Structure formats: structure tokens, C-alpha cells
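J.: Mind folding the following:
(one chain, ligands or ions: 1)
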Amino acid sequence: MAKNLVIIGGSSGVGLEIIKKAVNLNYTVYNFSRNEPLGINTNSLIHHQHDVLSDTIDTSILPDMIDAFIYCPGSINLKPINRLTKDDFRTDYEINVVSAFDTFQKCLPNIKKSDAPKALFFSTVAVAQGMTFHASIAASKAAVEGMVRSCAAELAPKVNVNCIALSLTDTPLASKLLDTDAKKEAASQRHPLKKYGNPSEIASLAMFLISYDSSWITGQVIHADGGMSIIR
Ligand SMILES: NC(=O)c1ccc[n+]([C@@H]2O[C@H](COP(=O)([O-])OP(=O)(O)OC[C@H]3O[C@@H](n4cnc5c(N)ncnc54)[C@H](OP(=O)(O)O)[C@@H]3O)[C@@H](O)[C@H]2O)c1
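T.: Numbers count the residues shown, from 1 in each chain. A predicted model of the protein is given here:
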């Protein structure tokens with residue numbers, strides 16, 4: 001039987017790659033984002049226009065049973081300490097944490113109806129590794145990691161809740177950091193594995209974490225970061 005995936009933010013970047021893989025693996029995908037995912041022609045993808053900052057999920061349009069929930073929206077708001085404002089912190093917290101929790105909470109009754117449900121969120125390498133200009137986004141993503149562990153504890157043994165912590169990955173979100181050959185080369189050299197992230201590879205990890213094969217993994221922050229968080 002086809003499994004149901006609810007993905008928040010599947011119109012670009014990692015989320016779009018997840019949708020491509022999910023429809024090939026026979027999931028029925030319910031996407032919620034402001035723009036429609038393009039280039040995927042299948043009846044197995046249902047798009048709902050949705051802004052996590054202003055809309056509340058209409059639970060009547062959710063599938064009755066949700067086998068996997070993935071929350072992708074995030075931000076890369078890099079500023080030195082003297083330029084960061086309270087509003088920067090509030091904006092980052094709103095999209096990365098508050099809206100993530102709110103959509104997850106709304107979906108949870110339907111998630112609990114699945115036999116082996118999975119939930120997945122995204123963090124950044126800048127939580128584990130101190131990086132200049134990351135104070136606001138690192139604070140928000142650290143909150144995501146704490147939320148993931150807490151939800152994993154509260155929902156065990158029913159729902160597996162995990163997180164992928166990325167380093168710089170080639171998506172629209174990171175486009176300004178990778179828009180010249182010089183930046184791409186410098187980004188590659190900064191990583192122990194000498195390359196920046198590929199969204200399709202991240203999507204493969206996400207597909208594993210929502211699959212039955214990850215049934216003994218919960219409350220984890222999995223680092224997909226070219227070795228950045230752990231190797232000097
Ligand atoms: N790329 C990196 O280098 C990197 C590094 C560390 C962590 N991460 C994290 O990885 C996750 C995925 O990032 P990505 O690079 O794939 O980002 P992306 O290319 O910007 O994709 C983000 C997705 O979220 C959706 N989204 C954004 N704001 C939204 C809103 N207000 N309401 C509804 N949907 C919204 C976007 O769709 P619409 O615009 O159509 O709404 C899009 O589908 C994020 O949580 C990010 O913080 C990424």
C-alpha cells in the first residue's frame with residue numbers, strides 16, 4: 001500500500017529532491033509551500049499553497065494517516081554580532097522552530113494512526129561547530145535539535161523523530177554563498193571531504209530516515225556535513 005508523506009517546503013532544494021525520490025518509491029506526497037514543486041508530473045503529488053508564517057494547516061485536507069512528516073523551511077541569516085537585531089532572532093525562531101512545531105503538532109493525530117510513523121526536521125552544522133556570523137540561526141537550530149529530542153522522548157515508542165544537520169548544501173537557500181566558482185572552490189576546501197553538500201544525497205538520507213529500515217533510530221541529530229562538525 002502507498003505510504004503518505006506530508007512535506008512542508010517541498011518546492012525547492014532538499015525538499016524538492018525528497019519529493020522526486022518519494023514519488024518514485026510509491027509514496028503519495030502532500031506538499032505545503034508557497035510555490036508549487038515544478039517538474040514532477042504525477043497524480044501522487046498533491047500541492048497545497050501554504051505559508052508557514054501566516055497560515056494554519058487545515059487539518060481537513062490532510063491524509064487520514066500520515067506515515068512520514070518532514071519540515072524543510074529554514075533560513076540562512078548570517079550577520080556579525082553588532083548587526084544582529086532582536087527581530088533577526090525572532091524571525092529565525094519563527095520559521096525554524098515555532099512553525100515547525102505548530103505544523104508537526106497539527107499533523108500529529110494523523111501521524112499516530114500510522115503503524116511506523118517517522119518525523120524529520122533540519123538543523124545546521126553551526127550548532128555543533130562555532131561559526132562566525134551564525135549566532136541567530138545557530139540559536140534557532142539548537143532549539144530545533146532540543147525540540148526533536150524532547151518530541152522523540154515523548155512520542156516513543158510510537159513515532160521516530162530525527163533531525164539532519166547540514167553544512168553548506170547547493171540549494172536556492174544557499175545560492176548567494178555558492179554563486180561564483182571562487183566561492184564554490186573555497187566552500188569545497190573548507191570541508192574535510194573537499195566538497196559542499198548535494199541536495200540529492202541529503203534527500204537519500206532523509207528517505208532512509210523515514211523508511212522502515214530506520215526503525216531503531218530516534219532522537220538523533222545526524223550530521224551530513226562533509227566531516228565539518230567532527231574533523232579538524
Ligand atoms: N542549504 C544549506 O546550505 C543548508 C545548511 C544548513 C541547514 N539547512 C537547512 O536545511 C533545510 C532545507 O533547506 P534548503 O537549502 O533545501 O532550503 P530551500 O531551497 O530554501 O527550500 C526551503 C523550502 O521551504 C519552503 N519555505 C520557505 N519559507 C516558507 C514559508 N514561509 N512557508 C512555507 N514554505 C516555506 C520553500 O518553499 P516556498 O518558497 O515555495 O514557500 C522551499 O520549498 C532548512 O531547514 C535549512 O535551514 C540548509
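J.: Go through the helix or strand harbouring Y93 and flag the buried ones.
T.: Assessed by DSSP states H and E, Y93 sits inside helix 86-93. Using 16 or more other CB atoms under 10 Å as the test for burial, helix 86-93 gives D88, F89, T91, D92, Y93. Heads up, the C-betas are built off the backbone N, CA and C, glycines and all.
J.: Repeat that for stretch 171-182.
T.: Applying a neighbour-count criterion of 16+ other CB under 10 Å, one finds T171, L173, A174, L177, L178 buried in stretch 171-182.
J.: out of these, who's near the ligand?
T.: With the criterion set as CB under 6 Å from any ligand atom, the members of the buried residues of stretch 171-182 near the ligand are T171, L173, A174.
J.: thinking again about what came up before, so for the helix holding Y93, mean pLDDT?
T.: Mean per-residue pLDDT for helix 86-93: 98.
J.: So the residue of the chain most remote from its centre versus F133, what's the distance?
T.: Largest separation from the mean C-alpha position in the chain: N82, at 28.8 Å (CA atoms, centre = their mean). As judged by CB to CB, to the nearest Å, N82 and F133 stand 11 Å apart.
J.: on that earlier part again, which members of the buried residues of stretch 171-182 occur in helices, if any?
T.: Per DSSP state H, helices hold no members of those.
J.: possible to save the residues you listed as a markdown table with pLDDT?
T.: Output for those, formatted as a markdown table (pLDDT from 0 to 100):
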| residue | pLDDT |
| --- | --- |
| T171 | 98 |
| L173 | 96 |
| A174 | 96 |
| L177 | 96 |
| L178 | 97 |
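J.: Is stretch 11-24 in proximity to the ligand?
T.: Yes. Using CB under 6 Å from any ligand atom, stretch 11-24 comes into contact with the ligand via S11, S12, G13, V14, G15.
J.: Quick one, which of those residues are buried?
T.: By neighbour count, with 16+ other CB under 10 Å, the residues of stretch 11-24 next to the ligand hold S11, S12, G13, V14, G15 as buried.
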